[in-house]
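> Model the following, please.
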Amino acid sequence: GQRGDKVGDFAIQAPPSPLERTLSQTKLESSHTAQKVESSFKKADSSKSQSDSKIFTQNAKNLSKLQAEAVEMRNRGFQGAGAGIYLGDNEQARAVESTIYRSSATPPSPKPSPQVKVSIVVPVFNTQPYITRCLDSLISQSLRDIEIIIVDDCGSDGAMSIAQEFAARDPRIHILRNLKNLGLLHTRCAGATMARGEYILYVDSDDYIKPNLCELCYERARESKADMVVFGSECRGFYRYVYQPKGSRIYTGSALSKLIFPARSKFSPYLWNKLYKRELIAKADSIISRVAGPITLAEDVLKAFVLLHLSHTAATLPEKLYTYCANASSSTSSCKDRAQSRAKALEDIRAYGRVAQALAFCARELGAYESCKFYDKFDRVLRYLVLCKRAQAGGYISNMWASLFVWFRIESLAKITLYILSFGKIIR
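Below you'll find the model as predicted:
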């Protein structure tokens, strides 16, 4: 008979479905797993003084030296091959070492005329197939008063040779070379240190932008006097949610969080769909630059938290001006090699742990650790991501179910169902 049918005085209860049985068996275990992950994060936070002394440098002298050297290099117009910019202490944390050089024979004027309105920071690491498309879109901007700061993060392909060719033809292009691989977070900091524009835009070297992006965003920023301008984007090969403005609006105060958390189960921390005041980035980077590397995952999560706390106003533009492209190297890997996938998941768990520590450090530096309502939201996201990676490493259903206790998302239920229906072959 049907489930729950009644025959005489007896109810016939059909056996539970495989999905119901599996979820029932893992419910208590999942709740315990979620509590363990949350406990581990709190434990990391409680060891404030020991963690900070080992992982973060708080040397005010080094920061003052950094600012003085940055101003000097900026005033010298990117001249001086072999000069170094250091964003930390080698012994206590990790030095950000960069060499600045020009491919053009004539260096730019120390006081550019007209004034640089937008500085575009472009980190480069092994993007040879895409960088030409990216730089073509930058030099074709309708707003001409821009500078393009390309930061070489020590890749192994020919991307920087292409960048040097562009720099030889366009004096607005400057090249900054890291002496060692720093990762996206600190490479962006290094580039922004040299920015002379009123506003800063981050563009990944495998993406490209519309010809009128800088002009429209600059006009919107000047008109609204906002700390940042959030614009629309198109995503290719990228399945995650990205916030899309519905109109031209102004956000202030706590409403700013809607740009990062537009709905209960939505999260959009990305930096590349915004134009920022240079002063805002300078304040954020004065904290971010003291985070010891490597930060290899969730870089945008960390910096978005700092920027959100420091910002007062944001303006939106509905136009889709940025095209984000997930190339082959950045796409989610398949599960054909399960051992390699598990090893990568374990590595990612450790990386998220470093981000969690960095998040707590930044919150304390901002004076927001106890009172900032944003911190709990970002911390929850990291705990959720850890559980998702634990699921990929092993115990998929129990860990994905546990993630629902941290952050309930329909997407997680869909992943569990897909895993069961595919008999464990599809892991997302």
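
> how about the strands in the stretch 201-350 of the chain?
Taking DSSP state E, counting those that start in this stretch to define them, one finds strands in the stretch 201-350 of the chain at 208-209, 228-236, 250-252, 274-277, 313-325.

> Direction included, what does the shortest one pair up with?
The strands beside strand 208-209 in its sheet (DSSP bridges) come out as strand 313-325 (antiparallel).

> quick one: average confidence on the strand it pairs with?
In this model, strand 313-325 carries a mean pLDDT of 95.

> For the stretch 51-200 of the chain, give me the ranges with low pLDDT.
Along the stretch 51-200 of the chain, segments meeting pLDDT under 70 span 51-114.

> hey, where'd the strands end up in it?
84-86, 97-101, 118-124, 146-152, 173-178, 199-202.

> ok, residue 130 to residue 327 distance?
6 Å (CB to CB, to the nearest Å). To be clear about C-beta, it is placed using only N, CA and C from the backbone, and glycine gets the same treatment.

> which of these two has more neighbours?
Neighbours per residue, other CB atoms under 10 Å: of residue 130 and residue 327, the larger number sits with residue 130, 18 against 15.

> coming back round to it: okay, and the common contacts of residue 130 and residue 327?
residue 206 (CB atoms under 8 Å, 6 or more residues apart in numbering).

> Serialize the strands of the stretch 51-200 of the chain to TSV and add fields for distance to residue 289 and mean neighbour count.
Converted to TSV, these look like this (distance: least, CB to CB, whole Å; neighbours: other CB atoms under 10 Å):
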stretch	distance to residue 289	mean neighbour count
strand 84-86	10	17
strand 97-101	12	19
strand 118-124	14	26
strand 146-152	14	24
strand 173-178	13	23
strand 199-202	15	27
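
> can these go into CSV with extra columns for distance to residue 391?
Listed next are those as CSV, based on distance: least, CB to CB, whole Å:
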stretch, distance to residue 391
strand 84-86, 40
strand 97-101, 38
strand 118-124, 30
strand 146-152, 35
strand 173-178, 34
strand 199-202, 31
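
> Out of these, which is closest to residue 295?
Evaluated with CB to CB, the strands of the stretch 51-200 of the chain place strand 118-124 nearest to residue 295, the distance being 13.2 Å.

> Just the CA coordinates for the helix or strand hosting residue 415, please, in PDB.
Take DSSP states H and E as the rule and residue 415 turns out to sit in helix 410-421. C-alpha atoms of helix 410-421 as PDB (Å, rounded to 0.1, in the frame of the first residue of the first chain):
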ATOM      1  CA  ILE A 410      19.500  24.900  -0.400                       C
ATOM      2  CA  GLU A 411      22.700  24.500  -2.500                       C
ATOM      3  CA  SER A 412      24.100  22.100   0.200                       C
ATOM      4  CA  LEU A 413      21.000  19.900   0.100                       C
ATOM      5  CA  ALA A 414      21.200  19.800  -3.600                       C
ATOM      6  CA  LYS A 415      24.800  18.600  -3.400                       C
ATOM      7  CA  ILE A 416      23.900  15.900  -0.900                       C
ATOM      8  CA  THR A 417      21.100  14.700  -3.200                       C
ATOM      9  CA  LEU A 418      23.300  14.700  -6.200                       C
ATOM     10  CA  TYR A 419      26.000  12.700  -4.400                       C
ATOM     11  CA  ILE A 420      23.500  10.000  -3.300                       C
ATOM     12  CA  LEU A 421      21.800   9.700  -6.700                       C
END
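
> got a list of contacts for stretch 127-136?
Counting by CB under 8 Å, 6+ apart, 122, 124, 148, 155, 157-159, 162-163, 166, 173, 203-208, 325, 327 sit against stretch 127-136.

> ok, of these, which come out buried?
Buried members of those, scored by 16 or more other CB atoms under 10 Å, are 122, 124, 148, 159, 162-163, 166, 173, 203-208, 325.

> Count the neighbours of the spatially closest residue to residue 295 that is not a sequence neighbour for me.
Take residue 295 and drop its neighbours on the chain: the residue closest to it by CB to CB, 6 or more residues apart in numbering is residue 185, 4.7 Å away. Residue 185 has 25 neighbours, counted by other CB under 10 Å.

> How about the contacts made by residue 185?
288, 291, 293, 295, 299, 302, 303.

> My understanding was that residue 204 contacts residue 271; is that so?
No: the criterion here is CB atoms under 8 Å, and residue 204 misses it with residue 271 at 9.4 Å.

> Could you check how far residue 357 is from residue 403?
For residue 357, the distance to residue 403 - CB to CB - is 21 Å.

> neighbour count winner among these two?
More crowded of residue 357 and residue 403, by other CB under 10 Å: residue 403, with 27 against 22.
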